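Participant: Let me see the structure of the following:
(2 chains)
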There are 2 protein chains.
Amino acid sequence: MIRLFVPEDLAAGTPVGLSAAQAHYLRDVMRRSAGDEVLLFNGRDGEWRSAIATLDRKGATAAPRERTRAQSPCADLELIVALVKRPRLETIVEKATELGVARIRLAVTRFTQDGRANLARLGAIAIEAAEQTGRLDVPAIEPPAKLDAILSAWGERPLIFCDEAGGGAPFADALMRLSVGSTPSVSILIGPEGGFSAEERTRLRSLSAVVSASLGPRILRADTAAIAALSLWQAVKGDWRP
Amino acid sequence: MIRLFVPEDLAAGTPVGLSAAQAHYLRDVMRRSAGDEVLLFNGRDGEWRSAIATLDRKGATAAPRERTRAQSPCADLELIVALVKRPRLETIVEKATELGVARIRLAVTRFTQDGRANLARLGAIAIEAAEQTGRLDVPAIEPPAKLDAILSAWGERPLIFCDEAGGGAPFADALMRLSVGSTPSVSILIGPEGGFSAEERTRLRSLSAVVSASLGPRILRADTAAIAALSLWQAVKGDWRP
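Facilitator: The predicted structure is shown next:
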């Protein structure tokens, strides 16, 4: 069944408005009409089986009928990724959403070539991926910040540094050794295409919360590295194990 | 340094021809000229530091000077992936190359919508990814074949079936339990966007060589699933552990 994210509160019988894009998708792409059912979620109130109430050229509304899933808290898994070129950044946002991150932070590093990101577009990609993957929430995407500033404010939260220079332990071993509680909080850091600078690498290694980890003998593009690291986390420490 | 794949034999002092695309890349994109160095590999003779001998509008040649890396055998890691839509299939070929597969087989399944693939284009993507990732070889890409035919000919080689219906063991646990020798041979099977049919799933589960594995509670797109499964294999059983 079609799943749609809405920002409004969801409660039985109270119709909510759908966006123009959602109305177009329902009407023109999926050929739905008033009375058909969709699933709605908003990141707070769980997932609701809902009936399309109105659907025409001007827009659409849907009325929640029955809650099909209760809201469950998202694991505190954060991806910090250097601003890479647009297609790969969009891939990263889509995949990180499928892989259950709570938050994506965009970092401007020494070798980042462009400090800008289209947050509206990235947010739309995250919503679409959340709808498709079956999540009950959408990851937050934070505006770009300098890696220096991020590290200056760093505390004790574990930060897995995917060190493309090969200095770290094999990723799986690093994960096994990482001591996390029953509700683990962790951040994973992925560098830009040109890698981190020597100064950035030295600074990262000097932080007590940083765990250096290696993603093998081949050079991985930033999107591959992000997907690999998040998959490994979920498989070994995260929610891929019941 | 720029790495280029060539089909010819590589030996010290014997110049080899580069393709028109490689000549264009060296001359117009990377602004190289005769005398500059590149690294050449062909999947058989290791990697050679080579000097560009000729470079003009008609083409390019390069002469191997010194072998920088000896050829090492590629692990016998095979990806069998259902034919999915072109952009995602191309992502899979690029990423599987970075993740060290020896061979990619394209499968036509019950819910595959199109039985064709542009093998020339996929081959070019694999070559470019191999050049970029630092491999000494390029994975083979086999023409599409029916999943039924592939399974009919299956022997004892372990086949990890990424079961999106959630029937399998958590992927990391399935890997731990898998008994493989010191030079493991394994195949990983990724289904189409619509999943496998009930008949395909029943057949897969009936094969003694098949290990069903789960990639977590969220629905993953085919490219995400392929990257996740290959990363997990390399991290737990493959060459990400020295």
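
Participant: for chain A, which spans come out with low pLDDT?
Facilitator: The model of chain A has pLDDT under 70 over residues A:182-183.

Participant: and it, which of its residues are near chain B?
Facilitator: Within chain A, the positions adjacent to chain B are A:91, A:94-95, A:98-100, A:132-135, A:170-173, A:214-221, A:224, A:227-228, A:231-232, A:234-236, A:238-242 by CB under 8 Å from any CB of the partner chain. (C-beta placed from N, C-alpha, C; glycine too.)

Participant: Disregarding flanking residues, what is the spatial nearest neighbour of residue A:136?
Facilitator: Spatial nearest neighbour of residue A:136, excluding adjacent residues (CB to CB, 6 or more residues apart in numbering or on different chains): residue A:41 at 5.1 Å.

Participant: From residue B:238, how far out is that neighbour?
Facilitator: 37 Å (CB to CB, to the nearest Å).

Participant: Please apply the same query to residue A:144.
Facilitator: Separation of residue A:144 from residue B:238 (CB to CB): 34 Å.

Participant: cool, and residue A:76?
Facilitator: 29 Å.

Participant: Looking at those two, which has the bigger crowd around it?
Facilitator: Counted by other CB atoms under 10 Å in any protein chain shown, residue A:76 and residue B:238 do not tie: residue B:238 has more neighbours, with 20 against 14.

Participant: Give me the secondary structure label for the residue nearest the centre of chain A.
Facilitator: By CA atoms, centre = their mean, chain A has its centre lying nearest to residue A:97, at 3.6 Å. Assigned with DSSP: H, G, I helix; E, B strand; the rest coil, residue A:97 falls in the helix class.

Participant: So for it, what's the nearest residue that isn't a sequence neighbour?
Facilitator: In this structure, residue A:97 finds its nearest non-sequential neighbour in residue A:129, 3.7 Å apart by CB to CB, 6+ apart.

Participant: wait, isn't residue A:1 in contact with residue A:39?
Facilitator: Yes. Counting by CB atoms under 8 Å, residue A:1 does reach residue A:39; the two are 5.4 Å apart.

Participant: quick one: common contacting residues for those two?
Facilitator: residue A:49 (CB atoms under 8 Å, 6 or more residues apart in numbering or on different chains).

Participant: Compare those two and say which is more crowded by neighbours.
Facilitator: Taking neighbours as other CB under 10 Å, residue A:1 and residue A:39 compare with residue A:39 leading, 18 against 8.

Participant: give me the element that one is part of.
Facilitator: Element membership for residue A:39, per DSSP states H and E: strand A:37-41.

Participant: Contacts for the helix or strand that contains residue A:51, please.
Facilitator: When elements are assigned from DSSP H and E, residue A:51 belongs to strand A:47-56. Strand A:47-56 is contacted by residues A:1, A:3, A:10, A:12, A:15, A:23, A:26-27, A:32-41, A:60-69, A:136 when judged by CB under 8 Å, 6+ apart.

Participant: Okay, angle between it and strand A:37-41 too, please.
Facilitator: 120 degrees (axes from the mean of the first three to the mean of the last three CA atoms, to 10 degrees).

Participant: No more questions from me, cheers.
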